[in-house]
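Undergrad: Here is my input; please provide its structure:
(one chain, ligands or ions: 1)
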Amino acid sequence: MTFSLHPSYDDPRTAELVGRLRDYLGGELADYEREHGLTDSSRLTRADLEPVWRRSIELGFYGIHLPKEHGGQDLTFSQLAALKEELGASGRVLSHSVLGDMGGPLRAGDILKHATQHQLDTYLLPLIRGERACCFSLTETDAGSDVRSMRTVAVPDGDGYRLTGHKVFSSAGPFADFAIVVARMAGTGEAEGDKPSFSAFLVDLDSPGCRVEDGVTPMSGEHIESDIVLDDCYVPAANLMGAEGDGMRIALGRVTTNRLLHCPTILGLTRRALDLTLQRARTRKVAGGRPLISLQAIQHKLAGMATDFYAARSMTYAALKALDEGRDVRTEAFMCKLFVAESCFRILDEAVQIHGKEGLTQGNEVEFMFRKVRMFRVLTGTSEIQRNGIAKMLAAGA
Ligand SMILES: Cc1cc2nc3c(=O)[nH]c(=O)nc-3n(C[C@H](O)[C@H](O)[C@H](O)COP(=O)(O)OP(=O)(O)OC[C@H]3O[C@@H](n4cnc5c(N)ncnc54)[C@H](O)[C@@H]3O)c2cc1C
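TA: Next up is the predicted model:
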């Protein structure tokens with residue numbers, strides 16, 4: 001892999017898809033956002049997203065990673081990553097709605113393979129068709145990294161369950177029709193030393209006893225997460241995913257893959273920040289009318305940023321290639337998530353520095369990207385949890 005801020009791909013299929021996606025993001029989608037006045041600080045609604053889902057389905061992008069039987073193109077992880085990188089690099093507010101990250105097939109992840117025919121027909125196939133959307137609800141106020149300490153409980157009741165609990169930070173919650181909720185089975189994990197058993201449920205968000213609430217606003221300023229409040233909410237047994245006790249296996253089943261697949265979006269965003277910073281350094285004049293980029297202090301910053309970016313991108317695609325070959329990449333996935341999060345944050349910090357006051361000004365894209373990338377050191381597993389994972393693999397002789 002060579003260094004480039006405008007990567008090209010040898011694989012003809014990837015090259016064709018990336019080319020078409022770039023055209024869509026920079027053309028039609030940019031026009032759509034402009035016409036609707038959508039910016040980083042807009043409060044998006046489902047009505048903003050739905051036309052993008054529909055158009056992305058027509059263009060074959062929505063759920064493109066899925067097997068052909070579900071309307072996808074059976075992409076490899078490396079091919080999907082190349083597309084996700086383009087989303088990140090596009091600067092488009094609605095880029096998350098093109099491949100199905102925001103409530104669509106990418107958010108549902110691996111659960112397709114655990115679904116019964118009823119669950120496929122009622123929830124997951126409509127999701128692939130862009131008719132329904134979902135969120136994934138695991139985290140609670142007092143259960144983040146240590147998700148097993150969750151309090152949401154499922155009590156068996158006749159031919160179903162009653163769920164009570166409060167989930168926070170469910171991404172895509174404001175646009176979703178149903179949530180994949182993980183809850184502890186009542187009667188397990190209550191006594192000292194008793195192991196809790198967790199189950200995963202498909203919960204219609206308009207069910208009696210279920211409320212979708214505005215949660216806190218993260219530092220990115222986006223309103224794309226919700227709290228899901230369950231108060232004795234009845235869920236039919238047909239909505240239990242897998243068997244009772246399978247909840248964590250289903251929820252965390254593809255965690256290695258997901259960890260890796262989050263990296264290219266952040267890499268794309270960082271690539272854009274680096275590009276914008278180079279442009280700024282070339283055009284901003286300093287003392288004596290010289291461009292900023294003529295100063296060695298700035299050149300060294302740019303060199304460090306580009307080197308960090310090349311390292312982060314190279315290791316991510318190397319791990320994705322190994323994953324495509326069916327190899328065990330658990331250690332590499334921890335390493336990529338850690339290094340991408342940490343190095344992209346360093347790059348964005350320098351990007352803000354080089355932009356000076358512009359980089360601190362709301363409305364400036366780099367200022368927004370800095371806040372967005374900062375969150376990645378916590379999201380989808382904190383840097384400390386990645387380090388724990390690497391150390392554990394090393395101790396086990398990986
Ligand atoms: C914008 C956003 C979107 C999100 N989307 C979703 C979503 O869609 N669905 C969902 O279920 N959740 C979601 N989350 C939750 C996210 O996954 C959690 O925030 C994350 O898992 C960390 O949990 P926490 O924030 O409670 O941190 P904590 O677990 O409280 O950790 C606090 C600090 O302690 C450190 N720490 C904790 N345990 C250890 C340990 N064992 N060893 C070393 N250090 C440790 C952490 O690394 C961190 O630095 C989202 C969060 C945000 C901010």
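
Undergrad: how far is the helix or strand hosting residue 341 from where the chain is centred?
TA: Following DSSP states H and E, the helix or strand that holds residue 341 is helix 330-355. Centre-to-centre, helix 330-355 and its host chain are 15 Å apart (C-alpha atoms, centre = their mean, to the nearest Å).

Undergrad: buried stuff in it?
TA: Going by neighbour count (16 or more other C-beta atoms under 10 Å), the buried part of helix 330-355 is 331-348, 350-352, 354-355. Using the backbone N, CA and C atoms, a C-beta is placed for each residue, glycine as well.

Undergrad: Show me what from the stretch 1-150 of the chain comes close to the ligand.
TA: Selection of the stretch 1-150 of the chain residues close to the ligand by C-beta under 6 Å from any ligand atom yields 136, 137, 138, 139, 144, 145, 146.

Undergrad: can you count the residues close to the nearest residue to residue 115 once chain neighbours are set aside?
TA: When the adjacent residues along the chain are set aside, residue 115 lies closest to residue 124, with 5.4 Å between them (C-beta to C-beta, 6 or more residues apart in numbering). Taking other C-beta atoms under 10 Å as the criterion, the count of residues near residue 124 is 21.

Undergrad: Next: residue 130.
TA: Number of residues near residue 130 (other C-beta under 10 Å) recorded here: 24.

Undergrad: swap in the one 3 residues further on?
TA: Close neighbours of residue 133, defined as other C-beta under 10 Å, add up to 26.

Undergrad: Residue 101 is in contact with that one, correct?
TA: No. Using C-beta atoms under 8 Å as the test, residue 133 is too far from residue 101 to be in contact (10.9 Å).

Undergrad: Which neighbouring elements make contact with the helix holding residue 341?
TA: Using 3 or more C-beta pairs under 8 Å, 6 or more residues apart in numbering; DSSP states H and E as the contact criterion, the elements in contact with helix 330-355 are helix 255-283, helix 296-324, helix 365-375, helix 383-395.

Undergrad: Would you mind listing the residues in contact with the closest residue to residue 129 other than its chain neighbours?
TA: Leaving aside its sequence neighbours, residue 129 sits nearest to residue 57 (C-beta to C-beta, 6+ apart; 7.1 Å). With contacts defined as C-beta atoms under 8 Å, 6 or more residues apart in numbering, residue 57 is in contact with 63, 129, 130.

Undergrad: Which helix or which strand is home to residue 57?
TA: Per DSSP H and E, residue 57 falls inside helix 46-58.

Undergrad: Next one, pLDDT for the closest residue to the ligand within the stretch 51-200 of the chain please.
TA: Closest approach of the stretch 51-200 of the chain to the ligand (C-beta to the nearest ligand atom) occurs at residue 144, with a separation of 1.8 Å. For residue 144, the model assigns a pLDDT of 94.

Undergrad: And for the one 4 residues further on?
TA: pLDDT recorded at residue 148 is 93.

Undergrad: okay, now it: neighbour count?
TA: Other residues within reach of residue 148 by the criterion other C-beta under 10 Å amount to 13.

Undergrad: Wait, it touches residue 248, no?
TA: Yes. The pair residue 148 and residue 248 passes the contact test of C-beta under 8 Å, sitting 7.4 Å apart.

Undergrad: Check the contact lists of the two and give me the overlap.
TA: In the contact map built from C-beta under 8 Å, 6+ apart, the residues linked to both residue 148 and residue 248 are residue 198.

Undergrad: before we move on, back to that, quick check: neighbours shared by residue 133 and residue 101?
TA: residue 107.

Undergrad: how near is residue 56 to residue 112?
TA: Residue 56 sits at a distance of 18 Å from residue 112 (criterion: C-beta to C-beta, to the nearest Å).

Undergrad: Neighbour count: the two, which is higher?
TA: Under the neighbour definition other C-beta under 10 Å, residue 56 and residue 112 were set side by side, and residue 56 has more, 23 against 19.

Undergrad: what about the spatially closest residue to the more buried one that is not a sequence neighbour, how many neighbours?
TA: Counting by C-beta to C-beta, 6+ apart, residue 62 is the residue found nearest to residue 56 once chain neighbours are left out, at 4.1 Å. Neighbouring residues of residue 62 were enumerated by other C-beta under 10 Å; the total is 26.

Undergrad: my guess is residue 62 contacts residue 104, does it?
TA: Yes. Using C-beta under 8 Å, residue 62 and residue 104 qualify as a contacting pair, with a distance of 6.1 Å.

Undergrad: so what sits against both of the two?
TA: The contact sets of residue 62 and residue 104 overlap at 53, 128, 130 (C-beta under 8 Å, 6+ apart).

Undergrad: Now do the helices in the stretch 1-150 of the chain.
TA: Secondary structure of the stretch 1-150 of the chain (DSSP state H, counting those that start in this stretch): helices at 12-26, 28-35, 46-58, 77-90, 105-108, 117-119, 125-128.

Undergrad: could the ones you listed go into a markdown table alongside mean pLDDT?
TA: Formatted as a markdown table, those follow (pLDDT from 0 to 100):
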| stretch | mean pLDDT |
| --- | --- |
| helix 12-26 | 98 |
| helix 28-35 | 98 |
| helix 46-58 | 98 |
| helix 77-90 | 98 |
| helix 105-108 | 92 |
| helix 117-119 | 97 |
| helix 125-128 | 96 |
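
Undergrad: Which one, of those, ends up nearest to residue 269?
TA: Among those, the nearest to residue 269 by C-beta to C-beta is helix 77-90 (4.1 Å).

Undergrad: Thanks again, I'm all set now.
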